[in-house]
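K.L.:
Here's a sequence, model it:
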Amino acid sequence: MAVRLFEGKDHAASYLQYRVAPQELISKIMDYMKKKTQNQFKLAVDVGCGSGQGTILLAPYFTTVVGTDISPAQLEAASANSRPPNVSYRECPAEELPFAAGEVDLVTAMTAAHWFDRPRFLQEADRVLRSGGCLALLSYSLSMTLEYGDVSDALNDICKEFYAALIPYRSPYLGPSSMNIYLDMFNSCTYQDKEWNECLHVKRTLPLRGYIGMVKTFSNYQKLKEKDPAEAERLSNDIQNKLLSAMKASSPDTEVTMVVHYFYWLACKP
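P.N.:
Numbering: from 1, shown residues only. Take a look at the predicted model:
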C-alpha cells in the first residue's frame, strides 16, 4: 500500500462496528459478472478488506473468498468476527497479492483503492485475474446525508459543518476529490469492457450515535484526533448535540436514516 492507516486496534474495532456493509453494491457486481462470465465463480479476492464487512458478503457467490489487508489489527478484527467457512484473510500489500497469474475470478476493493499505489495495484489485479475475470472498485463520498421527519435539511446543514471542520485534516495523498481518483483509475484501465457508475444511494436506519461513530472512523477525523484529541471529541460532541437539538430528541440512540453516496466502476478482463 502507498499509505498505511487504520492500523490501531481501537480504530479497527470502530471500523468493524460503524462502517456500512454495501450489500447493494455486491448485487451490482454480481449482476455484472453473471453477464460477462460463464458461471466461473471460484475465487474472489477483496483487497484492502479492513475488518471484513464487505468480504463476507461475497461468500454466497464464490467457492473461496480471500480478504487481504496490510493491517494486522484490521485482520485480527475480521478474523474474530463471525464469518462463513469459505472466507479467509491474508496479510499482504495491495500491490503484491499472493495469488498465481490468472487464478482469480474477481478482484474487488471496497473503499480502499484510493490508498493504494494505484498504477501498481491495477497491474497486479490484471496479473492475478483470469481472462474473463472482473475488477470492481467502489467507494463513497464523505458527504453522507441524514433523513429525519421534516428537519432533514437542518440536519444536513449541521452535517456539512462537521465535514467542513475536517477538510484541513484530509490526506494530501487523496487530493481534493476521491471520486476523481476512481475516475482516473477507470480511465487508465485498458480493458475495453468497463462501466463507470457515479451515484448509488445506499440507505441505512441506525442510531444517531452510529452516524457520528462512522464519521469518527474516517482518516481526516483520526488525523484531528491524533493532533488534538480534546478538540476532536469536542467537535463530535458539539455536532451530535446540534443534531439532537434540531431533531428535538434527547438520546443519541434515536434512529435516523443515513444516506451514503457510492460511486463505483466495473471492468472485465479480455
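K.L.:
can you give me the mean pLDDT across stretch 85-94?
P.N.:
Regarding stretch 85-94, the rounded mean pLDDT is 97.
K.L.:
okay, how far is it across that stretch, tip to tip?
P.N.:
End-to-end span of stretch 85-94 (C-alpha to C-alpha, to the nearest Å): 23 Å.
K.L.:
cool, and stretch 164-184?
P.N.:
Stretch 164-184: ends 25 Å apart by C-alpha to C-alpha.
K.L.:
ok, residues contacting that stretch?
P.N.:
Stretch 164-184 is contacted by residues 2-3, 5, 113-115, 118, 137, 139, 141-142, 196, 198, 215, 218-221, 223-224, 227, 235, 263-265 when judged by C-beta atoms under 8 Å, 6 or more residues apart in numbering. For every residue, glycine as well, the C-beta is placed using N, CA and C.
K.L.:
what about the helices in the chain?
P.N.:
Assigned by DSSP state H, the chain shows helices spanning 9-18, 23-36, 72-80, 118-128, 152-166, 178-188, 208-216, 219-227, 229-247.
K.L.:
Compare these and give me the one nearest residue 64.
P.N.:
helix 118-128 (13.4 Å; C-beta to C-beta).
K.L.:
Give me the PyMOL select line for the contacts of stretch 164-184, limited to the buried ones.
P.N.:
In PyMOL, a selection of the buried entries from those looks like this (16 or more other C-beta atoms under 10 Å):
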select buried, resi 5+113+114+115+118+137+139+142+215+218+219+220+221+223+224+235+263+264+265
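K.L.:
if we can go back for a sec, can you check which of the helices of the chain gets nearest to residue 108?
P.N.:
helix 23-36 (6.6 Å).
K.L.:
among the helices of the chain, which is nearest residue 95?
P.N.:
helix 118-128 (4.0 Å).
K.L.:
Residue ranges in the stretch 151-270 of the chain under the pLDDT threshold?
P.N.:
Judged against pLDDT under 70, the stretch 151-270 of the chain has no low-scoring part.
K.L.:
now the most centrally placed residue in the chain: how far from residue 223?
P.N.:
The centroid of the chain falls nearest to residue 111 when counting by C-alpha atoms, centre = their mean (2.6 Å). Distance from residue 111 to residue 223, counting by C-beta to C-beta, to the nearest Å: 17 Å.
K.L.:
Please apply the same query to residue 184.
P.N.:
From residue 184 over to residue 223 (counting by C-beta to C-beta), the distance is 23 Å.
K.L.:
What of residue 112?
P.N.:
Residue 112 is 18 Å from residue 223, by C-beta to C-beta.
K.L.:
I'd like to know how many residues surround the nearest residue to residue 120 once chain neighbours are set aside.
P.N.:
Excluding the flanking residues, the one nearest residue 120 by C-beta to C-beta, 6 or more residues apart in numbering is residue 95, at 4.0 Å. Residue 95 has 19 neighbours, counted by other C-beta atoms under 10 Å.
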